[in-house]
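Chemist: Take this sequence and fold it.
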Amino acid sequence: MTKEQWLSDLRRFLADDHVKMDEPLHLHTLTRMGGPADIFVTPTTEDETAYAVKYAYENKIPLLLLGNGSNMVVRDGGVRGIVLNLKSLRTVRIEGTSVYAQGGANIKEVSKIAAANRLTGFEFACGIPGSIGGAMAMNAGAYGGEIKDIIRQATVLTREGEKLVLSKEDLELGYRKSIIIKKGYYVLSAEFSLDFGKQAAIDAKMSDLTIQRETKQPLEFPSAGSVFKRPPGNFAGKLIQESGLQGKGFGGAEVSTKHAGFIVNKNNATANDYIQTIEMVKTAVFEKFGIDLELEVKIVGEDSI
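Modeler: So this is what the prediction gives:
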């Protein structure tokens, strides 16, 4: 089967403008890098999502889930097969102290909606640049909080397109890991359990965390967020800084001078520039400290020819 056939088949169930061929992925990643996807699908319902997932499985087509592109580096040659983007599945609903959010919802926005409804527990996520689905998969966390502290359950699709409801225990959430990653599930929605709090205290905490993020992170440049996982008993940014790597890099990519844990696209970097900079950092830190930094970002796709 050709990508033209995939396009035709998928457009029988999804609107034409929600199935595109050779879509440039730099338009959909926070690094502003990445070559084209053979087929780029943006379903508007959970049924459409299930159809796309099942279609890929039954026809043995590679399928990549792209959230809001915050934790991913797409190589310059792009991605073969189908790229699934759930940005249109972003419904958020409040019921008492429960928050329901679809997988494509922006976690920062969900945090703000919870706060506006006097719900506390989600403040830690007010600066995380990801989707609910990506946050669930990675058990995203910041400033002393993480998803596993507030999750009640999640609804996912298997690779075969079967819908499952997983409890907090079923999700097996740990440091940047989950059953979602292990099994290759696709998050349709999640339900969180919060508490009512004092509005003034919630607002103050949100404001404080926002200021911390804006003053410490290089938000003025495109990036994939924190590039490396936290090594046991240490901090990746500290090791990188002490290796004297800030301001260094390849091409348009550079280790941030503001926060060493970030690699920024400072001047029209290619994915190859970014990946070379990652390898430079890993090598330097290992040579100086004997610590092999583990990637938090996911590198996908093919090199350009």
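Chemist: before we move on, which element is residue 38 in?
Modeler: strand 36-41 (DSSP states H and E).
Chemist: Pairing partners for that strand, with directions?
Modeler: Sheet pairing of strand 36-41 (DSSP bridges) gives strand 19-24 (antiparallel), strand 79-85 (parallel).
Chemist: Would you mark the buried spots in the helix or strand that the longest one is followed by?
Modeler: Downstream of strand 79-85, the next assigned helix or strand under DSSP H and E is strand 92-95. Neighbour-count burial for strand 92-95 flags 92, 94 (criterion: 16 or more other CB atoms under 10 Å). C-beta coordinates here come from the backbone N, C-alpha and C atoms, glycine included.
Chemist: for the next helix or strand after strand 92-95, what is the average pLDDT?
Modeler: Using DSSP H and E, the next helix or strand after strand 92-95 towards the C-terminus is strand 98-102. Strand 98-102 shows a mean pLDDT of 98.
Chemist: any idea how far stretch 61-68 is from the chain center?
Modeler: Taking CA atoms, centre = their mean, to the nearest Å, the mean C-alpha location of stretch 61-68 is offset from the chain mean by 11 Å.
Chemist: Which parts of that stretch count as buried, going by neighbours?
Modeler: For stretch 61-68, burial by neighbour count (16+ other CB under 10 Å) applies to 61, 63, 64, 65, 66, 67, 68.
Chemist: tally of neighbours for residue 191?
Modeler: Residue 191 is flanked by 18 other residues according to other CB atoms under 10 Å.
Chemist: does residue 29 really touch residue 72, like I thought?
Modeler: Yes - between residue 29 and residue 72 there is a contact under CB atoms under 8 Å: 6.2 Å.
Chemist: Need the residues that contact the lowest-mean-pLDDT helix or strand in the chain.
Modeler: Every helix and strand in the chain was compared by mean pLDDT, DSSP states H and E; the lowest is strand 141-142, with a mean of 87. Contact with strand 141-142 is made by 124, 125, 127, 128, 147, 209, as judged by CB atoms under 8 Å, 6 or more residues apart in numbering.
Chemist: Give me the spatial nearest neighbour of the third one, chain neighbours excluded.
Modeler: Put plainly, it is residue 127. residue 213 (3.8 Å; CB to CB, 6 or more residues apart in numbering).
Chemist: That neighbour contacts residue 225, doesn't it?
Modeler: No - counting by CB under 8 Å, residue 213 stays clear of residue 225, with 11.1 Å between them.
Chemist: Next, count neighbours for the nearest residue to residue 123 once chain neighbours are set aside.
Modeler: Among residues not flanking residue 123 along the chain, residue 205 sits closest, at 4.7 Å (CB to CB, 6+ apart). Using other CB under 10 Å, residue 205 has 17 neighbouring residues.
Chemist: Can you list which of the buried residues of stretch 61-68 are found in strands?
Modeler: Taking DSSP state E, the ones among these that sit in strands are 63, 64, 65, 66.
Chemist: Which pLDDT value does the model give the first one?
Modeler: Confidence per residue is given as pLDDT, and for residue 63 that number is 96.
Chemist: Would you check how far apart the residue nearest to residue 23 when sequence neighbours are not counted and residue 133 are?
Modeler: The shortest distance from residue 23 to any non-neighbouring residue, by CB to CB, 6+ apart, is to residue 40 (3.6 Å). Distance, residue 40 to residue 133, using CB to CB, to the nearest Å: 17 Å.
Chemist: Show me which of these two is the more surrounded one.
Modeler: Using other CB under 10 Å as the criterion, residue 40 and residue 133 rank with residue 133 on top: 28 against 23.
Chemist: I'd like the average pLDDT over the helix or strand harbouring the more buried one.
Modeler: According to DSSP H and E, residue 133 maps onto helix 132-138. The average pLDDT for helix 132-138 rounds to 93.
Chemist: who's in contact with that helix?
Modeler: With CB under 8 Å, 6+ apart, helix 132-138 has contacts from 65, 67-68, 70-71, 86, 101-107, 110, 125, 128, 130, 140, 147, 151, 154, 171, 176-178, 180-181, 186-187, 189-190, 296.
Chemist: Report the distance from that helix to the chain centre.
Modeler: On CA atoms, centre = their mean, the centre of helix 132-138 falls 7 Å from the chain's centre.
Chemist: Same check on stretch 276-294?
Modeler: Distance, centroid of stretch 276-294 to centroid of chain: 23 Å (CA atoms, centre = their mean).
Chemist: Now the strands paired with strand 36-41 in JSON lines, please, with extra columns for distance to residue 271, mean neighbour count and mean pLDDT.
Modeler: Shown next, in JSON lines, are these (distance: least, CB to CB, whole Å; neighbours: other CB atoms under 10 Å; pLDDT from 0 to 100):
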{"stretch": "strand 19-24", "distance to residue 271": "12", "mean neighbour count": "17", "mean pLDDT": "98"}
{"stretch": "strand 79-85", "distance to residue 271": "11", "mean neighbour count": "22", "mean pLDDT": "97"}
